[in-house]
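Colleague: what would the 3D arrangement of this be:
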Amino acid sequence: MMKNKNNIGEIARLISKIDDPYLIEGFLCGILTPAELEKISSRWEIVKLLQQGISQRKIAQKLHLSLCNITRGSRELKKKNSPLKKVINELKTN
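Modeller: Residues are numbered from 1 along each chain as shown. Predicted coordinates:
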């Protein structure tokens, strides 16, 4: 269980009120390290490719990652009422 879940909720509520993607990007770049930004970017790329139906093996080859890194995203997308799946589906509507 995450120790600072309240902080994550607070950040989520604040970001949801901001209508400026550049401000949000600047905020994320200010609060996260370059390594954390790279990890989040990689995870986002993984779930986008999974949602497109690309196999985990092909994603691993394309992104030079282990299958373990991809399995987490795959499991999350398969969960019933997955918040991750709801968010990734927003790409289709925008």
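
Colleague: what about the one helix or strand Ile8 maps to, distance to the chain center?
Modeller: Assigned by DSSP states H and E, Ile8 belongs to helix 5-17. Its chain's average C-alpha position is 15 Å from that of helix 5-17, according to CA atoms, centre = their mean, to the nearest Å.

Colleague: can you start the count at 21 instead of 1 from here on
Modeller: Renumbered: residue one is now 21, and that last one reads helix 25-37.

Colleague: list the helices and strands that helix packs on?
Modeller: With contacts taken as 3 or more CB pairs under 8 Å, 6 or more residues apart in numbering; DSSP states H and E, helix 25-37 sits against no other helix or strand. (Each C-beta comes from the backbone N, C-alpha and C, glycine too.)

Colleague: that helix: what's the following helix or strand?
Modeller: helix 41-51.

Colleague: now the element after that following helix, going C-ward?
Modeller: Next in line after helix 41-51, if elements are assigned by DSSP H and E, sits helix 54-71.

Colleague: specify the angle between that next one and helix 41-51 in degrees.
Modeller: Put simply, helix 54-71 runs at 130 degrees to helix 41-51, going by axes from the mean of the first three to the mean of the last three CA atoms, to 10 degrees.
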